[in-house]
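# No letters, just coordinates:
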């Protein structure tokens, strides 16, 4: 079975760092950095990852791919919107720190540049760290998002059970696959998506909600290959009356049958499980956040009202790695 390792959005941001020679000696802002920031703002507001990449010096370009830069710029643009204004806060030797006001939030931006104005470092940094989320867990009663028996590949509240816990928005996330009696997730060679038991399986709404966001048009990967530029692939976000935002990722291309603004009922068909985005094999990624921002809001644990777990009925249960789960009476 191939391992479902995915470079998360937050991991991409960590890769997007090449800050050198930082000290804590503060100086005033330089005119060169002001001009560099203005150029960056223009390219960012155009969602132009290529132009941002072209601003970087050769060392940084060799360290970070164009695909990664494009993905990071797009992720921030989608989640925070355009840069509306900025304020220089301090200079730490080669690094200038700006407080940036986006359309949908505020972040620090740390920037380093050489004498030619080429970027040698760039880092978005949250304004506040370590604050508790608005939700510890879901308030709305939820059912499993699929029928039949599925296997919890990632799930739980520690890194051994669930690598997602290291990333604030996804800290309560699950990855679900389908296994056969031999604990394999595919038949035949496993080189085609159609070989995987999860591929094409219908996915359903876990509760009554409004469709907040739909993203389509992403090709399904060949197994073992991933697409970090479109981290969630084809995805759906549902919003509940309790302000829970439920992210479903990696749908099969052209299978999503709901649109933004639709009111859906618990158990309503959304689309089919696929292998799009940063996914190494067909599976369903599911997580809850306390807001719609996939980079800055906080994930919450997800508990299902009734679940069969390894053949035993559990109530108000959050699956953990290794659980075989299904809905009751199936």
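Perfect, thanks for sending it. In this text the structure is predicted, and so the values were computed from the model without any measurement.
# tell me which element residue 307 falls in.
Using DSSP states H and E, residue 307 falls within strand 304-309.
# Now do the buried residues in whatever helix or strand comes next after that strand.
Counting by DSSP H and E, the element after strand 304-309 in chain order, helix or strand, is strand 312-317. For strand 312-317, the buried set under the neighbour-count rule, 16 or more other Cβ atoms under 10 Å, comprises 314, 317. For every residue, glycine as well, the C-beta is placed using N, CA and C.
# what lines up beside strand 312-317 in the sheet?
In the sheet, strand 312-317 lines up against strand 304-309 (antiparallel) (DSSP bridges).
# which residues sit against the partner strand?
141-144, 206, 313-319, 323-328, 330 (Cβ atoms under 8 Å, 6 or more residues apart in numbering).
# Mind giving me the ChimeraX command for buried ones among these?
Of those, the buried ones can be selected in ChimeraX as follows, counting by 16+ other Cβ under 10 Å:
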select :142,143,144,206,314,317,318,319,323,325,326,327
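# Please enumerate the helices of the stretch 51-200 of the chain.
Ranges of helices within the stretch 51-200 of the chain are 58-63, 66-80, based on DSSP state H, counting those that start in this stretch.
# List just the one of those helices that sits closest to residue 168.
helix 66-80 (12.8 Å; Cβ to Cβ).
# Now do the closest one, average pLDDT.
Per-residue pLDDT over helix 66-80 has a mean of 89.
# which residues of the stretch 101-250 of the chain score low on pLDDT?
Within the stretch 101-250 of the chain, the ranges that satisfy pLDDT under 70 run 128-131.
# so what's the closest residue to residue 87 other than its chain neighbours bridging to?
Leaving aside its chain neighbours, residue 87 sits nearest to residue 99 (4.7 Å; criterion: Cβ to Cβ, 6 or more residues apart in numbering). For residue 99, the beta-bridge partners are residue 87, residue 108 (DSSP bridges).
# For residue 99, grab the count of nearby residues.
15 (other Cβ atoms under 10 Å).
# State whether it and residue 108 are indeed in contact, as I suppose.
Yes - Residue 99 lies in contact with residue 108 (Cβ atoms under 8 Å); the separation is 6.1 Å.
# Can you pull the residues that touch both of these two?
Contacts common to residue 99 and residue 108, judged by Cβ under 8 Å, 6+ apart, are 89, 127.
# Residue 58 and residue 293: what is the separation?
34 Å (Cβ to Cβ, to the nearest Å).
# and what of residue 68?
In terms of Cβ to Cβ, residue 68 sits 20 Å off from residue 293.
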